[in-house]
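Peer 1: build me a structure from this.
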Amino acid sequence: MFNQRKTPPPPPPPIGGVIRLPTLERVPGEADVSSMLSHAQSARGKQVKLAWTDDSQQSVPLLTCTWDSTASEPRWVMQYGEGSMGKIVWMYDSTDIGLIINFVLGTCTGTVQEVQMNDSFAMDPVLLSADGTAGAAPASGQRVNATMEGDLVDFSVPSLLQSFGIAAMSGMLSLKGPDGSADVFFQDGNPTHAQALGSFGELALLELFTWEQGKFHFYKGERTDERTINRRLDSIIMEGVTLLDQAKFIRNAGVTPESYLIKKAYGVSEAEFDAQVSRGAAIELAVQKRFFAEIDDRTKLFEILLRLQLPKTKWLPTLYNLLSCGLIGHSMNAAVSRKPLTLADTQDFDTSVVSLSDPIKKQLIRGETGIFTYPAFVFLVEQECLRFEGTQEPFSIMVIAVRINEGNKLIPPPVEATQSAVALISSTKRRMDSLAHFQTLDFALLLPHCDASFTLLMAQRTYKLLMQGAAGLDPSKVHVTIGIASVPEHTGPSVDIIGRAREAQALATAGSPLLVASRRETPRPV
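Peer 2: Numbers count the residues shown, from 1 in each chain. Below you'll find the model as predicted:
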């Protein structure tokens with residue numbers, strides 16, 4: 001009646017290295033998967049198998065969990081049938097119960113759901129979740145209750161950090177805001193490591209000063225061996241408060257990422273430019289000149305930031321200087337539309353060749369949406385990986401899931417809404433970006449020359465547009481999650497950028513709507 005979780009039954013005695021749980025008459029739920037993980041952890045090396053009935057399939061679905069003694073995570077295998085006739089559907093290594101449940105649901109029903117995860121296994125050691133941080137789990141494996149929590153509306157980030165310094169506190173500060181999550185570790189009141197929205201160290205900590213909405217929790221005693229911050233807290237606070245003031249000035253001036261920046265001084269000499277910006281914030285002249293050169297009255301702030309790839313600690317004071325000194329203005333309309341470059345613009349190009357490519361396009365593009373198929377997307381990612389090997393140019397992937405919340409159940413949107421979502425995502429991307437279907441129900445965006453921080457900027461923009469609703473749907477029922485992964489930030493010995501983006505998106509379903517994959521570390525034996 002009260003939906004209380006029942007204690008899982010004791011495991012049956014192992015037979016030939018296999019622990020076989022009783023067959024279910026339904027798809028496994030949280031308690032079932034949690035029980036499998038518990039058995040696999042206590043009986044390292046043995047296969048824990050769980051089958052259930054499925055009227056839509058001739059073969060019996062089977063989930064297997066095996067946790068080898070030398071592995072840092074258990075391996076899950078979903079298949080139909082068993083033995084030589086069995087067909088493996090997917091294989092995955094993770095301690096995240098919610099992730100595995102959604103993989104099973106997606107395979108069997110084509111839907112996913114919000115999952116209240118078991119705290120003892122909720123934290124994946126290689127991913128940034130809304131409540132966890134890479135490699136920072138307490139020794140007991142359990143997250144203790146927060147010793148301090150609150151709302152950033154009532155307690156600003158500068159005041160929060162200052163209070164930790166005065167009290168010489170040690171532990172982890174976890175924040176979740178509208179745009180994502182962040183973690184900061186303290187030792188005796190001094191920050192030692194921070195990660196936020198794909199950035200690390202001082203850049204991540206300074207990012208937080210511009211956060212004015214969100215929840216925070218402080219977990220006393222949690223620690224990490226990573227050391228990415230070496231400056232004193234008081235000097236970081238001084239720089240962060242200045243950054244916050246500049247951000248407020250820009251917001252009060254009405255500038256948004258969608259604003260077109262307009263030059264007010266086209267004939268300004270280099271000496272005059274230097275003299276005017278010298279009255280503003282201290283930032284390298286080369287950076288300010290580079291930013292100013294990108295302004296052409298036809299480009300949005302969002303596009304300039306993507307093009308320059310500058311951290312917030314540089315572009316925000318630069319924009320503040322140019323605005324406050326009267327060198328630029330802004331508008332919601334572009335001055336002149338630019339003609340896009342096409343193949344036909346090339347001299348001596350035989351336009352009849354274009355028609356020959358139509359059969360190839362039909363194989364690469366889904367007719368109902370007009371975007372790339374999943375196999376075509378994988379091929380494009382492979383090409384970006386090869387380009388990275390030769391040029392070291394970064395690139396990123398966004399995996400986007402759009403669902404409709406009907407009676408606490410997430411279902412795929414109708415065809416009209418899917419087409420509307422494709423149109424909205426297309427409106428946010430650059431011409432060089434590639435939009436494609438991701439596996440069966442989701443979308444993926446390939447972003448050349450984009451690192452994690454600016455991919456997040458694009459993800460925030462995409463998320464807000466999609467949450468406004470599509471094809472007449474009720475915005476309150478639209479459920480959007482986005483996972484982000486970038487090369488080289490989120491790769492290890494091998495480039496599994498597609499898998500990292502999917503992992504982040506799957507975790508976002510149970511936490512923050514936008515999730516950035518953490519840096520991949522070499523797995524350590526347990």
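
Peer 1: what is the burial count for residue 386?
Peer 2: Residue 386 has 10 neighbouring residues, counting by other CB atoms under 10 Å. Every residue, glycine included, has its C-beta placed from N, CA and C.

Peer 1: just say helix, strand or coil for it.
Peer 2: helix (DSSP: H, G, I helix; E, B strand; the rest coil).

Peer 1: also residue 273?
Peer 2: Under three-state DSSP, residue 273 comes out as helix.

Peer 1: what pLDDT does it get?
Peer 2: Predicted confidence (pLDDT) for residue 273: 83.

Peer 1: go on, residue 84?
Peer 2: Predicted confidence (pLDDT) for residue 84: 65.

Peer 1: over to the one 10 residues further on?
Peer 2: Note for residue 94: predicted pLDDT of 78.

Peer 1: surely it touches residue 100?
Peer 2: Yes - counting by CB atoms under 8 Å, residue 94 sits close enough to residue 100 to count as a contact (6.4 Å).

Peer 1: specify the local secondary structure of the residue lying closest to residue 233 once chain neighbours are set aside.
Peer 2: Computed as CB to CB, 6 or more residues apart in numbering, the closest residue to residue 233 that is not its neighbour in sequence is residue 165, at 4.6 Å. Secondary structure, three-state DSSP: residue 165 is helix.

Peer 1: number of residues surrounding residue 165?
Peer 2: 18.

Peer 1: quick one: residues contacting it.
Peer 2: 189, 190, 233, 234 (CB atoms under 8 Å, 6 or more residues apart in numbering).

Peer 1: would you confirm that the last one belongs to a helix?
Peer 2: Yes - residue state for residue 234 (three-state DSSP) corresponds to a helix.

Peer 1: quick revisit: quick one, which of the contacts of residue 165 are buried?
Peer 2: Buried members of the contacts of residue 165, scored by 16 or more other CB atoms under 10 Å, are 189, 190, 233.

Peer 1: need the residues you listed in CSV with distance to residue 64, can you?
Peer 2: CSV is the format used below for these (distance: CB to CB, whole Å):
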residue, distance to residue 64
189, 48
190, 46
233, 49
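
Peer 1: quick one: mean pLDDT for the host helix or strand of residue 245?
Peer 2: Applying DSSP states H and E as the criterion places residue 245 in helix 233-252. The average of the pLDDT scores along helix 233-252 is 87.

Peer 1: quick one: contacts of that helix?
Peer 2: Counting by CB under 8 Å, 6+ apart, 157-158, 161-162, 164-165, 189-191, 202, 205-206, 208-210, 229, 281, 312-313, 316-317, 319-320, 323-324 sit against helix 233-252.

Peer 1: do the same with stretch 360-379
Peer 2: Under CB under 8 Å, 6+ apart, the answer for stretch 360-379 is 380, 415, 418-419, 422, 426, 434-439, 443-444, 446, 498.

Peer 1: stretch 79-89 too?
Peer 2: 57, 59, 60, 61, 62, 64, 77, 78, 107.

Peer 1: near the fifth one, how many other residues are there?
Peer 2: Read it as residue 62. Considering only other CB under 10 Å, residue 62 is surrounded by 20 other residues.

Peer 1: how about it, what does it touch?
Peer 2: Counted by CB under 8 Å, 6+ apart, residue 62 has contacts 49, 50, 51, 78, 79, 80, 81, 82, 86.

Peer 1: beta-bridge partners for it, please?
Peer 2: Beta bridges link residue 62 to residue 51, residue 79 when assigned by DSSP bridges.

Peer 1: just name the shakiest helix or strand of this structure by mean pLDDT.
Peer 2: helix 352-356 (a mean of 57; mean pLDDT, DSSP states H and E).
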